[in-house]
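> coordinates only, no sequence provided:
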């Protein structure tokens, strides 16, 4: 994979996401009321003028607390996290295993609910959204990648990439847009350098290839924020570096906000900004 | 969209789910086959019964019967004449049939029916069941020279021949007479109640002349075929007595004028002139037909002839119950019992219905068991797919969507199982006789023995509504069984599901 190829593909992608892609973004911003309850809709509409001042943080976290119960014992994981994530920022959160990095990321991605504190996304509170609102957020505004890739084993790479669009579209509307969706998925797979593996099932792919497919899947719905949970944790150094290079390119060329959690300081260094999670609190480095 | 894709993928890649498909399939196929065969049998049976029995029987409550059959028939005509196609009076009485076999008497309890040769064919299909072609056309109680059917005319060409029937008729009678030394007519013994003396019969010549069995016959009688037939181990049919042989009838003496009521009964010698074969073993093994005039004479009703019942045949398409109720209104119920053929066979028909219902219940329970199999297999699949469910949720799939995957999976399995079960069941019914033959060949023992069931082939009827119910019910059970696992899948917490190893 040479750099030129990537940049070509990536610039293609930029044109997609800034031209037609931005229009798609706007469309995503006003999801149909049938999918999202009213307050989500108003939240997103409110987000329209939040976008106008780009210096505003995309996500703001205030006093976030989370603890797990194990039997009668309560184990505090997050003890009041405050964090701001600026638009277009590449932030890495480092910390030891079990310090709550992943928990924080899950809370940001509305996969879990905090005990206390607030999370704001583009100026609107999202930690108390109802399940349907969370589903829309996860589907359209957040992209997630994981340490263990988490591809669906029954589907091939292309279908895995298309999954978020399959989730947001019914059978009829998916069939209507199928061609456009597939073209977009192919572009993304080409961008991550996987265009020769479209029809391969995850078990036929290497770890790096699976992670690249996962990145393509995370990007298919043009998300505002990419949440990466130890994206290189299961890969050797060379492959991991390649993944990081793709993420940096995305951040630089598409101004994509990326929050990456890792325990690897070398990987964390590639981010614009690093925060450290120590005993449930965020410390800037 | 992803629901259908994943559901389809699971359907294709989870072979363990095939086990539940197979159990649903077998349940559905069995239900369809059992219903088809039961419906076929009961339909055939009803047909037979209806052919044997007249539409409506107008019976006397007393065993003596009522006098003046003509008057009764006129009254019936007056009440419901426009619906009636034919009527005939009959006399019914229990009797004992006895014949000599290897020098010993064989006694059979029979139902003796006196019929009017001229009108009996207007009700029911009596004639159709006789063994002589001429008798089938026009019944006569005179013994025929020969020409009785060797081949069962109601069975297919593959039925074994009844070789003994070749000699039936006058030929048989002459053979038997030549074998036995001409017996001296026993002098009437007043002390013996069975020897009250042979009353004169139509064929008898002048009192006092000797009876020549090679040239003369007693009262003609038609025997139910099973009274005389037996099957050898090879399944061939043999006969104890044949048309041309003499048998004795013992009629209960009670009520017969001139007979001491302490005496057991009255013995009468008759000559078998034909067999009656309705293929309903109940009738074939108990019915004996004699001319009504002769029976009235035997029972001492020569001065005031009485009949027990009047059989009524209705015109095509007339409501049986309607005519029955009309008649019931006009004739006092304490004296007359008026029944349709369905009323008469009510208990048997009800028993068949009951059997079908119970079988259906049991088989449906089998499908329900298959439902529990689906539940267990689904639960396993949900556990196996926990991580995938977490992934889908992290990509924004709703709980309803996840539930939809497994519900449509259940529906898919159910429809597949029920559909293939329906195909299998219908194919089985279509080829049921071939399958029975094959199984018979395989086990060396015929599975379906026409000599026992009196049908040459297994009768089947497929009712589309029943099939639809069975298939729909099976699919429904599959869905119901998948509700619980689907709910579990929907409730999984995404973070825990993602962490699941």
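Okay, I see it. As the structure is a prediction and not an experimental result, all values here were calculated from the model.
> quick check, residue B:249 in contact with residue B:268.
Yes. Between residue B:249 and residue B:268 a contact is recorded at 4.7 Å, counting by C-beta atoms under 8 Å. All C-beta spots, glycine's among them, are computed from the backbone N, C-alpha and C.
> now do the shared contacts for the two.
Counting by C-beta atoms under 8 Å, 6 or more residues apart in numbering or on different chains, the contacts common to residue B:249 and residue B:268 are residue B:298.
> show me what contacts the spatially closest residue to residue B:77 that is not a sequence neighbour?
Nearest residue to residue B:77 in three dimensions, chain neighbours excluded: residue B:84, at 6.7 Å (C-beta to C-beta, 6 or more residues apart in numbering or on different chains). The contact partners of residue B:84, by C-beta under 8 Å, 6+ apart, come to B:76-77, B:312-315, B:323.
> where do the strands sit along the stretch 101-250 of chain B?
Taking DSSP state E, counting those that start in this stretch as the test, the strands found in the stretch 101-250 of chain B are B:104-115, B:219-224, B:229-231, B:237-239, B:246-252.
> out of these, which comes closest to chain A?
strand B:229-231 (62.6 Å; C-beta to the nearest C-beta).
> partners of the closest one in the sheet?
When pairs are called by DSSP bridges, strand B:229-231 turns out to pair with strand B:237-239 (antiparallel).
> which ones are touching residue B:67?
B:304-306.
> look up how far chain A lies from it.
Shown here: residue B:67 relative to chain A, a distance of 83 Å by C-beta to the nearest C-beta, to the nearest Å.
> using the three-state scheme, assign residue B:362.
The three-state assignment at residue B:362 reads helix, by DSSP: H, G, I helix; E, B strand; the rest coil.
> what about the strands in the stretch 51-200 of chain A?
A:57-70, A:73-86, A:90-94, A:116-121, A:124-125, A:142-145.
> of those strands, which stretch is the most buried?
Comparing the strands of the stretch 51-200 of chain A by mean neighbour count (mean count of other C-beta atoms under 10 Å in any protein chain shown), strand A:142-145 comes out on top with a mean of 26.
> what does it rub up against?
A:108-110, A:138, A:211, A:214-215, A:217-219, A:221, A:223-229, A:231, B:394-395.
> so in terms of bridging, what pairs with the residue nearest to residue B:77?
Assigned bridge partners for residue B:84, using DSSP bridges, are residue B:314.
> from the contacts of strand A:142-145, list the buried ones, please.
In those, burial by neighbour count holds for A:108-110, A:138, A:211, A:214-215, A:217-219, A:221, A:223-229, A:231, B:394-395, counting by 16 or more other C-beta atoms under 10 Å in any protein chain shown.
> taking the residues you listed one by one, which sit in strands?
Judged by DSSP state E, strands contain the following of those: A:225-229.
> just those now: which is nearest residue B:3?
residue A:227 (25.0 Å; C-beta to C-beta).
> got a list of what residue B:171 touches?
Residues in contact with residue B:171 (C-beta under 8 Å, 6+ apart) are B:145-146, B:244.
> please tell me how far it sits from residue B:141.
Residue B:171 is 19 Å from residue B:141, where distance means C-beta to C-beta, to the nearest Å.
> on that earlier part again, so which of the contacts of strand A:142-145 sit within helices?
A:108, A:211, A:214-215, A:217-219, B:394 (DSSP state H).
> now, which of those residues sits nearest residue B:9?
residue A:217 (16.6 Å).
> that closest one reaches residue A:160, doesn't it?
Yes. Residue A:217 is within contact range of residue A:160, at 5.6 Å (criterion: C-beta under 8 Å).
> quickly list what's touching both of the two.
With C-beta under 8 Å, 6+ apart, residue A:217 and residue A:160 have common neighbours residue A:151.
> show the buried residues in the contacts of residue B:67.
Neighbour counting over those (16+ other C-beta under 10 Å) leaves B:305-306 as the buried ones.
> give the buried residues for the helix of greatest length in chain A.
Determined from DSSP H, the single longest helix within chain A is helix A:171-191. Buried residues in helix A:171-191, defined by neighbour count with 16+ other C-beta under 10 Å: A:174, A:181-182, A:184-191.
> these: which ones sit near chain B?
residue A:174 (C-beta under 8 Å from any C-beta of the partner chain).
> which parts of chain B sit against chain A?
Counting by C-beta under 8 Å from any C-beta, chain B sits next to chain A at B:1-2, B:4-6, B:9-10, B:13, B:387-388, B:390-399, B:401, B:493-495, B:498.
> how much space between residue B:438 and chain A?
For residue B:438, the distance to chain A - C-beta to the nearest C-beta - is 42 Å.
> which stretch of helix or strand covers that residue?
Counting by DSSP states H and E, the element that carries residue B:438 is helix B:432-443.
> from the stretch 101-250 of chain A, which residue is nearest to chain B?
Taking C-beta to the nearest C-beta, the stretch 101-250 of chain A has residue A:139 as its residue nearest chain B, at 2.5 Å.
> which non-adjacent residue is nearest that residue?
residue B:396 (2.5 Å).
> from residue A:257, how far off is residue A:143?
10 Å.
> what sits in contact with each of those two?
A:225-226.
> check which element follows the lowest-mean-pLDDT helix or strand in chain B along the chain.
None of the helices or strands of chain B scores lower by mean pLDDT, DSSP states H and E than helix B:450-453, at a mean of 62. As assigned by DSSP H and E, the chain's next helix or strand after helix B:450-453 is helix B:464-491.
> packing partners for that next one?
With contacts defined as 3 or more C-beta pairs under 8 Å, 6 or more residues apart in numbering or on different chains; DSSP states H and E, the packing partners of helix B:464-491 are helix B:16-52, helix B:346-384, helix B:399-430.
> that one - what's its average pLDDT?
What helix B:464-491 shows for mean pLDDT is 91.
> low pLDDT regions in the stretch 51-200 of chain A?
Residue ranges of the stretch 51-200 of chain A with pLDDT under 70: A:51-55.
> contact partners for the residue of the stretch 251-400 of chain B found nearest chain A?
For the stretch 251-400 of chain B and chain A, the shortest gap (C-beta to the nearest C-beta) falls at residue B:396, measuring 2.5 Å. By C-beta under 8 Å, 6+ apart, the contact set of residue B:396 is A:135-140, A:164, A:167-168.
> what pLDDT does residue B:216 get?
Note for residue B:216: predicted pLDDT of 80.
> next up, phi/psi of it, please.
With angles defined as degrees, to the nearest 10, residue B:216 sits at phi -120, psi 160.
> what of residue B:494?
phi -60, psi -40.
> what does residue B:241 give?
phi -130, psi 150.
> how near is it to residue A:94?
According to C-beta to C-beta, residue B:241 stands 109 Å off from residue A:94.
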